[in-house]
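S.K.: After the sequence you'll find the predicted model.
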Amino acid sequence: MTINNRTTATKRVPMDSLRKTSLVAGVLYLLTFVSIPTLFIYGPVKSVNYILGAGPDTSAIIGAILEIIVALAGIGTAVVLFPVLKKQNEAAALGLVASRILESGTIFVGVAFLMSIVTLRQAGAGAEALVTSHALATLYDRIFLQGQSFMPAVNDLLLGFLLYQSRLVPRGLSLIGIVGAALLVAAYLAVMFGLIGLHAAPATFAALPVALFEFSLGVYLIVKGFKPSPITAGMAATSDVTPAR
């Protein structure tokens with residue numbers, strides 16, 4: 001009986017390890033949604049006369065913290081999933097890590113732009129700094145377009161491809177990411193060429209499938225974990241091998 005118990009415990013270890021990976025990745029994906037309030041929080045900061053006004057800058061600082069959390073969580077999703085996804089395609093998995101890091105870098109730069117506006121206000125720069133504050137707000141919108149409109153399309157195209165090929169999650173879920181990435185790229189190009197506005201309804205609509213994909217993926221990984229596949233079977237088999245003493 002003791003031997004059987006030990007054998008059973010040993011066999012549980014690999015699945016527990018994969019389950020922890022899926023759980024952590026799922027939680028990190030859901031964390032990438034905490035910055036949604038910044039769509040409203042940053043409105044006053046980017047307004048024409050923000051640096052001339054009075055009052056606390058708490059909301060802007062909170063928004064910056066939320067964006068930093070998203071940036072770090074975004075890197076975390078790719079790093080945590082890398083050991084599993086590289087079993088399918090190591091180059092694509094590494095590309096996902098690189099694109100997530102690039103996206104997060106643009107988020108940090110965007111935060112620096114907005115916090116510079118807050119600094120001008122706190123320093124009492126006055127009307128002479130209005131042009132500078134407007135330029136910083138414009139730079140934030142531009143870096144947002146590159147980092148949080150275009151890069152998520154690259155991320156989800158790579159991730160959708162890897163998940164579709166590996167069957168680690170339902171293929172229908174993977175397809176949402178692939179199709180959503182294509183729609184987001186189309187909207188990005190339309191904004192770049194001035195066909196639609198950055199905050200226009202079509203641009204917002206184009207971002208919804210990608211948001212649905214990442215949110216649904218996070219929930220699925222937390223609730224279900226990875227589906228049984230050749231990758232999970234191979235990792236389990238490798239973990240079952242006990243080093244000789």
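M.R.: Thanks, I have the structure now.
S.K.: Heading C-terminal from the longest helix anywhere in the chain, find the next helix or strand.
M.R.: In the chain, with assignment by DSSP state H, the single longest helix is helix 90-122. Later in the chain than helix 90-122, the nearest helix or strand by DSSP states H and E is helix 130-145.
S.K.: buried set for that following helix?
M.R.: Buried positions in helix 130-145, judged by neighbour count with 16 or more other CB atoms under 10 Å: 130, 133, 134, 136, 137, 139, 140, 143, 144, 145. Every C-beta, even on glycine, is put in place using the N, C-alpha and C of the backbone.
S.K.: Contacts only, for the last one.
M.R.: Spelled out, that is residue 145. Residue 145 sits next to 188, 191, 192, 198 when contact means CB atoms under 8 Å, 6 or more residues apart in numbering.
S.K.: What about residue 167, how many residues nearby?
M.R.: Neighbour count for residue 167, taken as other CB atoms under 10 Å: 17.
S.K.: Can you pull the phi and psi angles for it?
M.R.: For residue 167, the backbone dihedrals are phi 60, psi 30 (criterion: degrees, to the nearest 10).
S.K.: Spatially nearest residue to it (excluding sequence neighbours)?
M.R.: Once flanking residues are discounted, residue 167 sits nearest to residue 229: 4.7 Å by CB to CB, 6 or more residues apart in numbering.
S.K.: swap in residue 49?
M.R.: Closest to residue 49 by CB to CB, 6+ apart is residue 130, at 7.3 Å.
S.K.: got the angle between the longest helix of the chain and helix 130-145?
M.R.: Helix 90-122 and helix 130-145 meet at an angle of 160 degrees, taking axes from the mean of the first three to the mean of the last three CA atoms, to 10 degrees as the criterion.
S.K.: low-confidence ranges in this protein?
M.R.: The chain contains residues with pLDDT under 70 at 1-15, 236-245.
S.K.: OK, contacts around the spatially most central residue of it?
M.R.: Nearest to the mean C-alpha position of the chain, by CA atoms, centre = their mean, lies residue 74 at 3.9 Å. For residue 74, the contact set (CB under 8 Å, 6+ apart) comprises 28, 32, 100, 103, 104, 107, 155.
S.K.: picking that back up, for residue 49, state which of the buried residues of helix 130-145 is nearest.
M.R.: In terms of CB to CB, no member of those lies closer to residue 49 than residue 130, at 7.3 Å.
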